[in-house]
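Q: here is a sequence together with a model predicted from it:
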Amino acid sequence: MNSLSPALRRARRSSAALGEAAAAATAAEGEELLRVSDLTVAFRGRKRVIEIVHGLDLSLHAGRTLVLLGESGSGKSVTARAILRLLGAGAVVEGSVRLGATELTELPESSMGLVRGGAVGMVSQDPSGSLDPLRRAGPQIVEVLLRHEIESDTRRARAHARELLSQVGLRDPDRVLRSYPFELSGGMRQRIAIAIAIGCRPRVLIADEPTTALDVTVQAQVLELFARLQRELNLAILLVTHDVGVARVIGDDVAVMYAGRLVETGPAEVVLTDPRHPYTTALLDALPLPGIARGALRSIPGQPPGPGARPWEGACAFAPRCRSATGACTSHRPPLSALGPGRLTGCDVIADGAPRPGEDRREVSA
Amino acid sequence: MSVISLDPGATLAEPRARQLRRVTRPPAGVVLGGGIVLVLVLAALLAPVIAPDSPTAGSVSQRLFNVYTIGHMLGTDGQGRDVLSRLIWGARPTLLAGVIPVVIGGLLGTALGMLAGLSRSWVRNLVMRTLDVLFAFPAILLAIAIGAALGPGIKNAIVSLSIVLIAPVARVAESEVLRLRSDDFMEAARASGARGTTIAWRHVVPNIAPPLLVYCTSLIGLAIVYAAGLAFLGLGVAPPHPDWGGMLDDLRANVFDRPVLSLVPAAAIFLASIGFNLLGSGLRRMLDVREREVAA
Amino acid sequence: MRPAPLLAAEHLVKRFANGVRAVDDVSLDVGAGETVGIVGESGSGKSTTAKLVLRLLDADAGTLTFEGRDLRALRGAALRSVRRRLQLVPQNPQTSFNPRLRIGDSIAFNLTVHGTARRAARARAAELLDQVGVATAHARKYPHELSGGQLQRCAIARALATEPALVICDEAVSSLDKSVQAQVLNLFAELQRDTAIAFLFISHDLAVVEHVADRVVVMQEGRVVEEASAARLWEHPAHEYTRALLDATPERQLARRAALPAA
C-alpha cells in the first residue's frame, strides 16, 4: 500500500522515464519465446458470431512474467485458452500465435497435444480439475513424464517426479506421491499441478488464475513459488488474473484487458503505480486499502458491456463509465499508442500526463 | 427398444432446465414426436368417425388379407377384422394406459420424492430404501406380477403401471430436490423465516417441475410399451375390444405366412413410444436453452 | 458497563459427523449498529459460525442471545418470527436467488412469509430496490438477467426487507469484481450511516474486513485467535496467525521482496 501513496506516486512519475528505460532493457535481455499477434476470438452463437477478444498482441520473454489483468468478461481466460487452442469447435480464432519459429495456429492437433504440457506448460485455476481424483498423485506425474518422453522408464520417471515435488516445495514428496488428490490440501494440489507443468521442461508457462481458489496465506506461497521457478528455469510466464495484488506481486509486465481488448500495457511496477488509462486508474482506485474512509471507495459506475454489445471500432468501450471521457471518446477509438519503451495505452485523453481523475483522493477522504 | 429407459440417470445428468419463457424455435425432435403424439390423440378422439370398419366385427371370408389390400389398407386379422380400424380404436386404451399411470405415478412419485428430499435423514432413508425394494425388480416383471395379482382388465393394468412408475419418478424428484437443497437460495429462503411447506411450494416445486415433466413425457412412451406387454399376456383390455398388445398376440401366429401384417401392431407400439420419447427429450433441450455464457 | 449487546454468542461449539470441531468455543458479540468482521481462511469455521447464529445449523454447545432472547431455545413460529430481525446476505449472488422467481417476487417473499399482503410486499420490494440503487424495473426480471453486482444489491435489498436488527454477510462481496465490489462496499457504508442495522461481516479478505468493520475477530481452525479494533489489528497484530494473514497481503509481500538484497 505504501507504493500507492500519493507522495510515492509523484516521485515515481518524475523518475518514470528512468524506470521505463531500465525495464525495457531487462525486457530486451530475455529472448522472445511466444508472440501473439492480432488475436481475435469469436464464438458462434445461435444467431450470430460474437467476438470476445479483438486484435490482441502479447509477447512473452524468457525470464519474465506477463500478467494479463482483467475483470470477469474481459476475455483474459479466453485469450489464454485460445493460445493453447483449447476453445473447442464453437470458437473462431484468427491471428497468429508463434512459439519460437512454430506457428501454433497451423499445427495439426496431434502436434498441438505435445506442445500443451510440453513446450508450453499449463496451470489452471482449479488444481483438482487437472488431477484424476481416483488415482494417486505419483502415477499421474509419472504418466505425463513418460508421455512427453522426458523419461524413458517408469523407475527413472518416479525418481524424477520425486525431485519435481521437492522442487515445488513439498516437504514430504514420498508421502505426496502415494496420496490421492483428496488427501491433499488445495495448495498442495496446486503445487503438484505446477510440478507436472514444469516437469516437461517447458519454456513457457501459462497459468490461468492459479491462486484464486487458494487461501490468502497459501496464495502468497504459491506466488513465491512461481517467482522462484521463473528465476531458476528462466521461464516465460503468462499469468492470467483478476487480482491487482497478484499482478503487482508477480508481474514484470502487465497487460490490462477491458471488454476484449488491451487497454494498457507496460512494466507492472509502472503501470500499476502510474496508470495512463482511466480503466487501470479506476481499477486501482476501487481497492479497499487501509486509510480510505468507509464509503469513500471510488467505484466504477455501471458495468462493462456484455459480449455482443461492444463497440469494436468507432468508440472506446470504457467511455460510458469513464470519468475522463470527452465527446470524442464515443466517436473514435484511439489505437494503442506508445508512451515509452514497452508502454502502450489505448487512451489519448489522459495519456499525455494530464491530471489523473483519481489523484489525491486520500487527502480528500481523510 | 433401446431408446427407452427407466434409468433416471438419463435426466439427472442434465443441468436443471431453466426458464420456460425462453423457449424459441422447437427442435426437430419435438416437431416429429409432437406430430406422432398428435396423430395418436386425434385417432383416439375421432375413432368412430375415421375408422373405416368396425373394430370388433369381421367376416371369416376376409381373414388374413395382407396389407395393401383394397378396402383393407393394413389387411385383416385371423377373424377377418380390419386391422387399420382396430389400430385406430386401439389408440384409446394405448393412450389411457400410457398417460394415466404416468400422471398417477408421477404425482405420487413427486410427492414421495419431495418428502424424502426435504425431510430429515431418517425419513429420507425410510422412503427411499422402501422404494429401492420396489425398484430392485425389473419394472416389467413387477408390472406383470401386480397385473396378474389384480387380474385382467385395463383398469388393473393402469393400477399396476402406476405403482411401477412411482419409484423411478420419486428417485428423479428426490435427486432434483437434493440438488436444490444445497443451492444458496434455499438457505436464503430458510433464513427468511418461511415455513417448510411454503418453501416447498414456492421454491421447490417450480424448480423441479420442468425436469420432471420432461422425464414423465418420456415415461409415457415406456408405459405404452409396458401396457402393450401386459395386453399381450392377456392382462390388458378384455377381447374382443382392440388393443395393440392384444393385436400383436393375435397376429403372432401368422408371423411366417403374413410377416408384414403381423408386424403392424408392433410398428404402431414402436412409433407411439418413440413419439413420446422424442417429445420428452426435445422438450428437455427446449427447456434447457440458456444463453451461451462465455467464460472470461 | 456496556449495554447488553444485540447478539451475544458464548462458547459456541459445533462438531461435524466425523468428530471434527468446526467451531470450537467461539464467543463474540455484536452491538446495535455495530459492524463486526470475522476474518479467516477456509476451514476456520467462520461460515459455520454464521450458520449457527442464523440457526441454519444447530450448535452442540454454548449460548446464543439475540435481542435478549435465547436463540438456541427458539422453535417453530417463534424462530420464524425472530428471523425477521436476523438476516443473511449470502456469498454467491448468482445462486442465492430462485432462478424461477422474478427478483421482485423473491424480495417480496421475505415479507409475505411474515404476513404482509402480496401487493404491499411488491410495492415495498420496489422501494427497497430503489434504496440499494437498482432500477425498480428490474423487479420484473429473472436472476440470470442481472449482473453479479446488481444481484448482490438485490440480495441486500432482500435482507433489508423485514427491517432486521442484524444482517450477516457471508463473503458477500468476495465473488464480485473489484470495481463492482467497491460499489457494494460503499452501499454497505451508506446503510451503516443511515440505519441502525448491525452487520456481522465475514470474509477471507483482510482488506475488505478492515475497510468495513469496527471490530475484527480473527478465526483459525474453529477458534477465535484474536479480536481487536480494525485499525489496531492492522497496525499491531498480536497473534502469529494474524501476522501471517497480514504478511500474505500483496503490500507486505512487495515490501519483503524490496527488502531482499538484489540478486
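A: Great, that's in hand.

Q: correct me, but C:Gly31 touches C:Leu200?
A: No. Using CB atoms under 8 Å, C:Gly31 is not in contact with C:Leu200; the gap is 11.2 Å. Where C-beta positions appear, they are placed from N, C-alpha and C, glycine not excepted.

Q: these two: which has the busier surroundings?
A: Neighbours per residue (other CB atoms under 10 Å in any protein chain shown) separate C:Gly31 from C:Leu200, with C:Leu200 holding more: 28 against 17.

Q: my hunch is that the more buried one is in a strand, does that hold up?
A: Yes. Using DSSP: H, G, I helix; E, B strand; the rest coil, the secondary structure at C:Leu200 is a strand.

Q: identify each buried residue in the longest helix along chain A, please.
A: The single longest helix within chain A, with elements called by DSSP state H, is helix A:216-233. Within helix A:216-233, the residues scored as buried using 16 or more other CB atoms under 10 Å in any protein chain shown are A:216, A:218-227, A:229-230, A:233.

Q: ok, and what's touching the one helix or strand C:Val209 maps to?
A: Using DSSP states H and E, C:Val209 maps to helix C:206-212. Outside helix C:206-212, the residues that touch it by CB atoms under 8 Å, 6 or more residues apart in numbering or on different chains are A:216, A:287-290, A:292, A:294, A:297, C:35, C:37-39, C:173-174, C:181, C:185, C:188-189, C:192, C:199, C:201, C:203, C:216, C:230-231, C:233-234, C:245-246, C:249.

Q: do you have the strands of the stretch 1-150 of chain C handy? List them.
A: For the stretch 1-150 of chain C, the strands defined by DSSP state E, counting those that start in this stretch cover C:7-15, C:21-30, C:35-39, C:61-66, C:69-70, C:86-89.

Q: count the residues that sit near C:Asp58.
A: Neighbours of C:Asp58 under the rule other CB under 10 Å: 9.

Q: how about it, what does it touch?
A: C:52, C:72.

Q: give me the phi and psi for it.
A: Dihedral pair for C:Asp58: phi -100, psi 130, per degrees, to the nearest 10.

Q: the stretch 101-250 of chain B: helices as residue ranges?
A: In the stretch 101-250 of chain B, the helices defined using DSSP state H, counting those that start in this stretch lie at B:121-136, B:139-150, B:154-181, B:184-191, B:196-199, B:205-232, B:244-252.

Q: by contact count, what packs against the last one?
A: Same thing as helix B:244-252. Judged by 3 or more CB pairs under 8 Å, 6 or more residues apart in numbering or on different chains; DSSP states H and E, the packing partners of helix B:244-252 are helix B:83-118, helix B:205-232, helix B:259-287.

Q: ok, the fifth one next?
A: Contacts of helix B:196-199 with other secondary structure elements, assessed using 3+ CB pairs under 8 Å, 6+ apart, are made with helix B:184-191.

Q: rerun that using 10 Å as the cut-off
A: Applying 3 or more CB pairs under 10 Å, 6 or more residues apart in numbering or on different chains; DSSP states H and E, we find helix B:196-199 packed against helix B:83-118, helix B:184-191, helix C:103-112.

Q: thinking again about what came up before, keeping just the C-alphas, turn the helix holding C:Val209 into PDB.
A: Only the C-alpha atoms of helix C:206-212 are listed here, as PDB (Å, rounded to 0.1, in the frame of the first residue of the first chain):
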ATOM      1  CA  LEU C 206      -8.400  -8.800   5.300                       C
ATOM      2  CA  ALA C 207      -8.500  -5.600   3.400                       C
ATOM      3  CA  VAL C 208     -12.300  -5.800   2.900                       C
ATOM      4  CA  VAL C 209     -12.900  -6.500   6.500                       C
ATOM      5  CA  GLU C 210     -10.600  -3.800   7.700                       C
ATOM      6  CA  HIS C 211     -12.400  -1.400   5.500                       C
ATOM      7  CA  VAL C 212     -16.000  -2.100   6.700                       C
END
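
Q: now do it: distance to the chain's middle.
A: In terms of CA atoms, centre = their mean, to the nearest Å, the centre of helix C:206-212 is set 13 Å apart from its chain centre.

Q: ok, back up a step: near chain C at all, the longest helix of chain A?
A: Yes. Helix A:216-233 is in contact with chain C by CB under 10 Å from any CB of the partner chain, via A:216-221, A:223-224, A:227, A:231.

Q: now chain B against chain C: closest residue?
A: Minimum separation of chain B from chain C (CB to the nearest CB) falls at B:Gly193, amounting to 3.3 Å.

Q: now do the contacts for that residue.
A: Shown in contact with B:Gly193 (CB atoms under 10 Å, 6 or more residues apart in numbering or on different chains): C:77, C:79-87, C:110, C:113-114, C:162.

Q: confidence score at it?
A: You'll see B:Gly193 listed with a pLDDT of 86.

Q: quick one, grab the pLDDT at the closest residue to it other than its chain neighbours.
A: Nearest in space to B:Gly193, with sequence neighbours left out and distances taken as CB to CB, 6 or more residues apart in numbering or on different chains, is C:Arg83 at 3.3 Å. According to the prediction, C:Arg83 has pLDDT 91.

Q: now the residue nearest to A:Leu235 when sequence neighbours are not counted, what's its secondary structure?
A: Counting by CB to CB, 6+ apart, A:Leu235 lies nearest to A:Leu205, which is 5.1 Å off, once chain neighbours are set aside. On the three-state scheme (three-state DSSP), A:Leu205 is labelled strand.

Q: for A:Leu205, the count of nearby residues, please.
A: Neighbour count for A:Leu205, taken as other CB under 10 Å: 24.

Q: so does stretch A:33-46 get close to chain B?
A: Yes. With CB under 10 Å from any CB as the criterion, chain B is reached by stretch A:33-46 at A:41-46.
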